[in-house]
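J.: below is the sequence, then the predicted model.
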Amino acid sequence: MSITTQPNISGSYIDRKVAEGMFRELLGERPAYRVLNIYGKSGMGKSHFKEYLKSKYLQNNKQIAYVELNFENRLLHKPQTAIINIAKELEVKYNFNFMSLWKAYAILWHKRYEHSPIMYAADLPYFHEIKKLIKLDKKGHPIIEIAKGLFGDSVSKELEELKSLECNEIEARLHKFFAIDLRKLIKNSEYKDCVILLDNIDLLKEHTNTTPCAKDAWIRELITQVGKESLFLMFSQEPLNWQRCNATWKDVVKSCELGIFAKQDAQRYVAESGFKDDKLKEAILIASGLEPFWLSLAKYSYNENKDYTLPTNKQDIFKAFENNIDSNTLNLLKVLANARYFNIDILFVAAREFTISVSDTMLDKLKNYDFIKEISPNKYTIDSNLKELLIKSAGDIKIVEYRAFMFSYWENILQSLDRELIKNTPELIDEAIEEAWYHLYEINKEPLVHFEWLDYYVARFFMYAAWEPFVDRYSKIMPKLESADDEVSFNRLVSLYNNLAGLYESLGESKKSKTFYNKVIKLNRPELLSA
């Protein structure tokens, strides 16, 4: 018997009655705020449960609009990018128009890049035309009424006030305009509710923040602004514990933990997976510890037409997986396990680099496995539990080779970027810098190497208005250079301060720019600063 490779999102495997009941109840309620946190350690079936809720309650429901953000996609870790992404997806799926948000966004980008030879601003289409229609005030025309609602006196005044603010202050207000639009759109559309689904929110802690509460403060602010118009469904490994930031959240956030299966549910899942041998089924139950990930992996670990040994622990299940899956797929998975995400291009470039035989349908084959997750269009990742197992089994030498390959892949993209590419696809540079930086850090921990690498690309892309991706990375290097006591590090620190001052000035954040220019003066000629 060959075990099926089709993902199973039905039956008792994801029938989490308590969690589902809480979600269903919140869909029917309209308190001031609706926040549901589904949490559980890695491997407890959160992804399957999420897909189950989407399939049963959201995907074919013509009365509910929903949007999903997966923070496995690191580009969404910036509040501005995340909010814009939510708006864009809702526009595409449901024909919503976030006109106040786009106007605020256009003001931000024009202000930030007003001196740039390339300006990839998101200008609001037809804004001036709509304003003229409003002045005509033709009663009864639906466009007039909608436009009045979106650009009433108060909203227009707030938008106008943005022009006098610094760029970071405008960014901090984007969620407000998003909320204004969303409330009005839900009120004036056939949709009676909206669900904003945020997955892997634990990953937000990767970015440096001044306080533990800072990493997701923008999410709480967004919830406050949107109010009862949206249900926020959040998946995490640890409970949110937002009451530590503000006690009022204790009564707002509803939480439910996903743990191991009850034995009866696990037995049913193993039976539904196609196993016939009772001894094998019982051995899998015992070896897996009733954890969903291991029960799922067992589906791909045993073929009852081949010889196999009954598992006694989790490692036995993984060894059986390595033996049962074909060698080309296994070798490809070991390479891709070192990527934070992969797409079809990475898949085929990796196959060529490591002489792995793959067909044109390999991506479709991988997508059929439960442990492959789609985090955004054409972006996939391997389940973190399996990643860890694959990396460990590859061996130290192979790990170095695979990580060097991933770094060179993103380096090649950075080298290929020119003015036209950055203008048409500005997210490419942010993504390439983010991924190349991650793999460089994995290969080499030396801060001077990191500085030289960033310094090169700042010089390369400065005239392309591609400044923003470098600020966070410089900030991560800074403490290491500040704590060093050698002359080379000192000189690099002066350059870093100077570069940060220039970057902040280019980003329209004059206060921060001045702070770093003063640091440069203090290090070079402290007597001038005192004067």
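T.: Received, thanks.
J.: contacts and neighbour counts: CA atoms only from here.
T.: Will do.
J.: so where's this structure shaky on pLDDT?
T.: Residue ranges of the chain with pLDDT under 70: 1-15, 113-155, 206-210, 423, 465, 525-531.
J.: would you map out the domains in it?
T.: When the chain is parsed with automatic domain parsing, its domains come out as 14-96+189-259, 97-188, 263-324, 326-421, 444-531.
J.: now do the strands in the protein.
T.: 34-39, 64-70, 193-199, 230-236, 253-257, 372-376, 379-382 (DSSP state E).
J.: if we can go back for a sec, any chance of the domains of the chain in CSV with distance to residue 430 as columns?
T.: Shown next, in CSV, are the domains of the chain (distance: least, CA to CA, whole Å):
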stretch, distance to residue 430
domain 14-96+189-259, 7
domain 97-188, 13
domain 263-324, 33
domain 326-421, 10
domain 444-531, 5
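J.: can you redo the ones you listed as JSON lines with distance to residue 437 and mean neighbour count?
T.: Below are those laid out as JSON lines (distance: least, CA to CA, whole Å; neighbours: other CA atoms under 10 Å):
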{"stretch": "domain 14-96+189-259", "distance to residue 437": "12", "mean neighbour count": "17"}
{"stretch": "domain 97-188", "distance to residue 437": "24", "mean neighbour count": "17"}
{"stretch": "domain 263-324", "distance to residue 437": "30", "mean neighbour count": "18"}
{"stretch": "domain 326-421", "distance to residue 437": "8", "mean neighbour count": "16"}
{"stretch": "domain 444-531", "distance to residue 437": "8", "mean neighbour count": "16"}
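J.: so which of those is nearest residue 432?
T.: When the domains of the chain are compared by CA to CA, domain 326-421 sits nearest residue 432, at 5.6 Å.
J.: between the two ends of that closest one, how far is it?
T.: 39 Å (CA to CA, to the nearest Å).
J.: who's in contact with residue 364?
T.: Neighbouring residues of residue 364 by CA atoms under 8 Å, 6 or more residues apart in numbering: there are none.
J.: look up how far residue 374 lies from it.
T.: Counting by CA to CA - residue 364 and residue 374 are separated by 12 Å.
J.: thinking again about what came up before, out of the strands of the chain, which is closest to residue 331?
T.: Short answer: strand 379-382, nearest of the strands of the chain by CA to CA, at 13.5 Å.
J.: off-centre distance for that closest one?
T.: 12 Å (CA atoms, centre = their mean, to the nearest Å).
J.: surely residue 104 is in contact with residue 172?
T.: No - with contact defined as CA atoms under 8 Å, residue 104 does not count as touching residue 172 (10.9 Å).
J.: mind listing the shared neighbours of these two?
T.: With CA under 8 Å, 6+ apart, residue 104 and residue 172 have no common neighbours.
J.: isn't residue 512 up against residue 504?
T.: Yes - using CA under 8 Å, residue 512 is in contact with residue 504, at 6.3 Å.
J.: roughly how far apart are the spatially most central residue of the chain and residue 305?
T.: With distances taken as CA atoms, centre = their mean, residue 71 lies nearest the centre of the chain, 2.3 Å away. From residue 71 across to residue 305, the span is 40 Å (CA to CA).
J.: how about the helices of the stretch 1-150 of the chain, start to end?
T.: 17-28, 46-53, 79-94, 99-112, 127-136, 142-150 (DSSP state H, counting those that start in this stretch).
J.: nearest to residue 383, out of those?
T.: The nearest among the helices of the stretch 1-150 of the chain, by CA to CA, is helix 46-53 at 9.6 Å.
J.: and the closest one, what does it pack onto?
T.: Helix 46-53 sits against no helix or strand, with contacts defined as 3 or more CA pairs under 8 Å, 6 or more residues apart in numbering; DSSP states H and E.
J.: please repeat the previous calculation with a cut-off of 10 Å.
T.: helix 17-28, strand 34-39, strand 193-199, strand 230-236 (3 or more CA pairs under 10 Å, 6 or more residues apart in numbering; DSSP states H and E).
J.: packing partners for the third one?
T.: This means strand 193-199. helix 17-28, strand 34-39, helix 46-53, strand 64-70, helix 79-94, helix 174-187, strand 230-236.
J.: before we move on, the earlier item: using JSON lines, lay out the helices and strands packed on helix 46-53 together with distance to residue 268.
T.: Listed next are the helices and strands packed on helix 46-53 as JSON lines, based on distance: least, CA to CA, whole Å:
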{"stretch": "helix 17-28", "distance to residue 268": "16"}
{"stretch": "strand 34-39", "distance to residue 268": "23"}
{"stretch": "strand 193-199", "distance to residue 268": "27"}
{"stretch": "strand 230-236", "distance to residue 268": "25"}
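J.: mind checking which of those is nearest residue 392?
T.: Closest approach to residue 392 among the helices and strands packed on helix 46-53 (CA to CA): strand 230-236, 24.6 Å.
J.: quick revisit: for residue 391, find the nearest of the strands of the chain.
T.: Short answer: strand 379-382, nearest of these by CA to CA, at 11.5 Å.
J.: residues in contact with the closest one?
T.: Identification of contacts with strand 379-382 by CA atoms under 10 Å, 6 or more residues apart in numbering yields 72-73, 333, 336-344, 363, 366-367, 369-375, 387-388, 390.
J.: let's go with 7 Å and repeat that
T.: Under the contact criterion CA atoms under 7 Å, 6 or more residues apart in numbering, strand 379-382 has outside partners 337, 340, 341, 342, 343, 371, 372, 373, 374.
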